[in-house]
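Asks: kindly generate the corresponding structure for this input.
(2 chains)
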Amino acid sequence: MDYFLTEEQQMIQELAAQIAREKIRPVRAELDEKEEFPWEIMKVLAQSDLFGLYIPEAYGGMGGGVFENCLAIEQLAQSCIGVATSFAASGLGAYPIVLYGSEEQKHKYLSEVASGKRIAAFGLTESAAGSDVSGIQTTAVRDGDHYILNGTKQWITNGGEAEIYSVLAITDRSKGPRGASFFILEKGDPGFTFGKKEKKLGIRASATRELVFQDCRIPKDRLIGREGTGFIVAMKTFDKSRPGIGALGIGLAQGAMDIAAEYARKRVQFGKPIISFQAIQHKLANMAIKTEAARALIYCTARYMDTDPPDASKVAAMCKVFAGDTAMEVATEAVQVLGGYGYMQDYPVEKMMRDAKILQIYEGTNEIQRNIIGQELNKEYGRMKESFF
Amino acid sequence: MRIVVCIKQVPDTKNVRIDPDTHTLVRQGVESIINPFDLFAVEAALKIKDECGAKVTVMTMGPPQADEALRETLSRGVDDGVLLSDRAFAGSDTWATSTTLAAGIRKMGDVDLVLCGKQAVDGDTAQVGPEMATLLDIPYATFVKKIERLDDRYLKVTRQTDEGMEVWKLPTPALLTVIKEVGEPRLPSLKHKMRAKKAQISVWGASALGLDPNKVGLCGSYTQVVRVFSPPRRSNRILIQGSIEEQVEQLYRHLKEAKVPGV
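Replies: Next comes the predicted model:
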């Protein structure tokens, strides 16, 4: 379907698709098996200018927005969301700086992220703070011209590989939700180390590690925005990044759909290609309907997000939920279409099904997204004066 | 440093078919691609540009559609493109092609290095590079796998031959034909892609190049393709099996029966 992309947006799609086809698809199975961080592909992406899509031109980026970033993520995700997650997570790490960083921070860090010279990561989750972000224990204590961080972040995507980290820490526990702040941490800061690399069900090309802060001393100008704005920074960052998770979902779903449809046309049983059977046609039809619906939702929302709407959490959450659930369902059905072959590691849909599961979990579980949507609905309808009865 | 890379559009050989009746290539519906070896030449030029700075121009002779191939190299980082296009150039053999390309390089003036792929995958002649160098009266090296810039005047190049490797010192201006070992072609970047879309491609015809239309194209060609065909399957094949000793013994017997000289 024609989504009326500009010439530049089409170029982004073409380029990301070319990288996915030529550089990611041939190695995805190997990266998955070896759990290897895709540095070679990150270098190609760096040279392609795609890391800077959403970063303003003044800081070396391409001056696009959420939509342009989603277009690239979707194409990369068609081949492997392990690689695409590593790419997208750099954006998640950089967004707090894009949104709330000082001029100096933007000049220093965004130009490096845009060029892909250094990749970024986002550090929020802790062992006792998953869905309940208010449970975070990591602290940052002001000491003259410095902050001293203590605590451990868990399951941080790009952990150990990234060089720039946006990290949430409590600066004043007495203030509750207004007592958290975001900081920029650099790999190599004294007292900042990494835990072991986690072994995962899927997206095994991506790196997931603990960030460990032991009396980690950083200059005070690493604070993003003002003290106490940490949760706002996190929420606004998620509004920008959640359509990107949706884009990972539509990419994965399309990738699984493509393989299932191609296979169904070639596989002959009972003397006919299995695509001629209604049972298979209906499966493919359902897969295509959901994938296209998810794409339409994400493209629309991403465009809307680029108008900087004051309140976008509801639609951002919808993108994440719908595309994540769609990816899981489409990948599972793709395995079913391929039957026994689909279950074997020799065929890519087995990996896609393992990979898809994360989309319902990370960056806020789909249950939490539904909570957000539900709470927003409650607020919206509470404000309405008219009755629908 | 000024580098010119000569490229050629060829049919995507993965999909090439020969028409069984006319014995010619079926070109309809076959996508054109840049000759893969020429992309290695582009990469070699861009590497030199990365390392010591250079202006890289890409040039091709072909129909107006070849413009697309030039822009594709621009999207990978080439600075500008020149299209040699004229009805008079149609039907060129390697000699007429070399004559035309050499005229293009002469028109550009101060060129330090001309790079070509070792051969085109459609004709597989590997003649155009050396012919151009001869016409331009500059030194050349073929099957180059590594290029180093020694100083303003000399290059050190490593050639891959069947017997092994040769290291040459070559004065510039020079022409090199390269093999895939020079490096995997880089992919486009978004900025270059955007620039490529808008770039002005110079188009030079026979008169702009100062060429006599009768000395180029079909008229200027010394060779003509009479027929292209798939060789008939050979039926008199013998499969030799058994242990090494048995195979040697059988091979000797067959060669002897065939009266191969020296056996």
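Asks: elements contacting the longest helix along chain A?
Replies: Among the segments of chain A that qualify as a helix by DSSP state H, the longest is helix A:230-266. Helices and strands touching helix A:230-266, by 3 or more Cβ pairs under 8 Å, 6 or more residues apart in numbering or on different chains; DSSP states H and E, are helix A:66-79, helix A:81-100, strand A:164-170, strand A:180-186, strand A:272-273, helix A:278-305, helix A:313-343, helix A:349-356. C-betas here are computed from N, CA, C, even on glycine.
Asks: quick one: residues contacting the residue of the stretch 1-150 of chain A found nearest chain B.
Replies: Of all residues in the stretch 1-150 of chain A, A:Asp49 sits closest to chain B, at 3.9 Å by Cβ to the nearest Cβ. The contact partners of A:Asp49, by Cβ atoms under 8 Å, 6 or more residues apart in numbering or on different chains, come to A:Met62, B:Ser189, B:Leu190, B:Lys191.
Asks: apply 6 Å and report the result again.
Replies: B:Ser189, B:Leu190, B:Lys191 (Cβ atoms under 6 Å, 6 or more residues apart in numbering or on different chains).
Asks: just these now: which is nearest chain A?
Replies: Of these, the one sitting nearest to chain A (Cβ to the nearest Cβ) turns out to be B:Leu190, at 3.9 Å.
Asks: now that closest one: closest residue in space, sequence neighbours ignored.
Replies: A:Asp49 (3.9 Å; Cβ to Cβ, 6 or more residues apart in numbering or on different chains).
Asks: make TSV from the helices and strands packed on helix A:230-266 and add mean neighbour count and distance to A:Glu35 to it.
Replies: Shown next, in TSV, are the helices and strands packed on helix A:230-266 (neighbours: other Cβ atoms under 10 Å in any protein chain shown; distance: least, Cβ to Cβ, whole Å):
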stretch	mean neighbour count	distance to A:Glu35
helix A:66-79	28	17
helix A:81-100	27	9
strand A:164-170	25	21
strand A:180-186	24	24
strand A:272-273	12	37
helix A:278-305	18	28
helix A:313-343	23	20
helix A:349-356	25	12
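Asks: nearest to chain B, of the ones you listed?
Replies: Using Cβ to the nearest Cβ, the helices and strands packed on helix A:230-266 put helix A:66-79 closest to chain B, at 9.1 Å.
Asks: show me what the closest residue in space to A:Glu198 that isn't next to it in sequence bridges to in the sheet.
Replies: Among residues not flanking A:Glu198 along the chain, A:Thr208 sits closest, at 4.3 Å (Cβ to Cβ, 6+ apart). Assessed by DSSP bridges, A:Thr208 has beta-bridge partners A:Thr157.
Asks: I'd guessed A:Thr208 sits against A:Trp155; true?
Replies: Yes - in this structure A:Thr208 lies within contact range of A:Trp155 using Cβ atoms under 6 Å: 5.3 Å.
Asks: would you mind telling me which of these two has the busier surroundings?
Replies: A:Thr208 (24 against 20; other Cβ atoms under 10 Å in any protein chain shown).
Asks: return the residues in contact with that one.
Replies: So A:Thr208 contacts A:Trp155, A:Thr157, A:Glu198 (Cβ under 6 Å, 6+ apart).
Asks: make JSON lines out of those residues and add distance to A:Lys236.
Replies: Converted to JSON lines, those look like this (distance: Cβ to Cβ, whole Å):
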{"residue": "A:Trp155", "distance to A:Lys236": "22"}
{"residue": "A:Thr157", "distance to A:Lys236": "19"}
{"residue": "A:Glu198", "distance to A:Lys236": "28"}
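Asks: nearest to chain B, of these?
Replies: A:Thr157 (23.9 Å).
Asks: what's the local residue count around the closest one?
Replies: For A:Thr157, using other Cβ under 10 Å, the count is 25.
Asks: then B:Ile238?
Replies: By other Cβ under 10 Å, neighbour count at B:Ile238 equals 7.
Asks: distance of it relative to A:Ala140?
Replies: Distance, B:Ile238 to A:Ala140, using Cβ to Cβ, to the nearest Å: 82 Å.
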